[in-house]
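Undergrad: Based on what follows, work out the 3D shape:
(chains A and B)
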Amino acid sequence: DQQVKQNSPSLSVQEGRISILNCDYTNSMFDYFLWYKKYPAEGPTFLISISSIKDKNEDGRFTVFLNKSAKHLSLHIVPSQPGDSAVYFCAASDFSSGSARQLTFGSGTQLTVLP
Amino acid sequence: GAGVSQSPRYKVAKRGQDVALRCDPISGHVSLFWYQQALGQGPEFLTYFQNEAQLDKSGLPSDRFFAERPEGSVSTLKIQRTQQEDSAVYLCASSFLGNTEAFFGQGTRLTVV
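TA: Sure, this is the predicted structure:
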């Protein structure tokens, strides 16, 4: 049973437009959410995170929105750039794991930004 | 280097062979994680170390998988008697403490033939 789901395996967006990547989760114990970006042959790179006490976190072109009641989060990239083309993973963790914040990942969304 | 370093980058093993994958975490990082990423999937948790102590190994798929971090720095993931289903990218991640963002290495792509 997947606890973190990214239902769109791929997304194509025109350069300069907004990219919206979605993620749903089922475990109500999750209290911290992260987005990682992955280029081919590289490890995932941390992008942005949000705590469950917030509903929005912004960092430059990247904004993450959290809707706890819907168990849904989204990543907005504005404006999208060709260099943003990568696989984006949504990840979540919960404090019940104690001091270890092992992450539960979604299956990823391949974003392609067209020039 | 400043990042998490994993070696080898690629490993081809014959079925039944033992393999050892190495992870050099960022200096000073207390927490170290191993993940397994199958093709087209997200990484899945294998095991967690806090310094030299292995506090969680609940994600290890079988007793053929063994991890150690004897001096609280470098970690080795060992897979005995490899099978085809072990083919995946093995990712190591470290963080200063368990409750901060983890930094990932480039991974080791293991192919069992």
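Undergrad: how about the strands in chain B?
TA: Assigned by DSSP state E, the strands in chain B fall at B:5-7, B:10-13, B:19-24, B:31-37, B:44-50, B:53-56, B:65-68, B:75-79, B:88-95, B:103-104, B:108-112.
Undergrad: Tell me which of the ones you listed sits nearest to A:Ile50.
TA: Minimum separation from A:Ile50 across the strands of chain B (C-beta to C-beta) falls at strand B:88-95, 17.2 Å. Every residue, glycine included, has its C-beta placed from N, CA and C.
Undergrad: which bits of chain B sit near chain A?
TA: Residues of chain B found near chain A (C-beta under 8 Å from any C-beta of the partner chain) are B:4, B:6, B:31, B:33, B:35, B:40-45, B:48, B:50, B:55-56, B:59, B:91, B:93, B:95, B:97-107.
Undergrad: Give me the below-cutoff pLDDT ranges for chain B.
TA: B:1, B:98-100 (pLDDT under 70).
Undergrad: now swap in chain A and tell me
TA: Applying pLDDT under 70 to chain A picks out residues A:95-100.
Undergrad: Could you tell me which residues of it lie near chain B?
TA: A:4, A:6, A:34, A:36, A:41-46, A:49, A:89, A:91, A:97-108.
Undergrad: Save the strands of chain B as a markdown table, and put in mean neighbour count and distance to A:Ser10 too.
TA: Formatted as a markdown table, the strands of chain B follow (neighbours: other C-beta atoms under 10 Å in any protein chain shown; distance: least, C-beta to C-beta, whole Å):
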| stretch | mean neighbour count | distance to A:Ser10 |
| --- | --- | --- |
| strand B:5-7 | 17 | 27 |
| strand B:10-13 | 15 | 26 |
| strand B:19-24 | 19 | 30 |
| strand B:31-37 | 25 | 18 |
| strand B:44-50 | 22 | 21 |
| strand B:53-56 | 16 | 33 |
| strand B:65-68 | 18 | 32 |
| strand B:75-79 | 20 | 31 |
| strand B:88-95 | 24 | 20 |
| strand B:103-104 | 21 | 22 |
| strand B:108-112 | 18 | 22 |
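Undergrad: can I get those in a markdown table with distance to A:Ser80?
TA: Below are these laid out as a markdown table (distance: least, C-beta to C-beta, whole Å):
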| stretch | distance to A:Ser80 |
| --- | --- |
| strand B:5-7 | 31 |
| strand B:10-13 | 32 |
| strand B:19-24 | 34 |
| strand B:31-37 | 25 |
| strand B:44-50 | 29 |
| strand B:53-56 | 38 |
| strand B:65-68 | 39 |
| strand B:75-79 | 37 |
| strand B:88-95 | 26 |
| strand B:103-104 | 24 |
| strand B:108-112 | 29 |
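Undergrad: and of those strands, who's closest to A:Ser28?
TA: Evaluated over these, closeness to A:Ser28 peaks at strand B:44-50, with 19.0 Å, by C-beta to C-beta.
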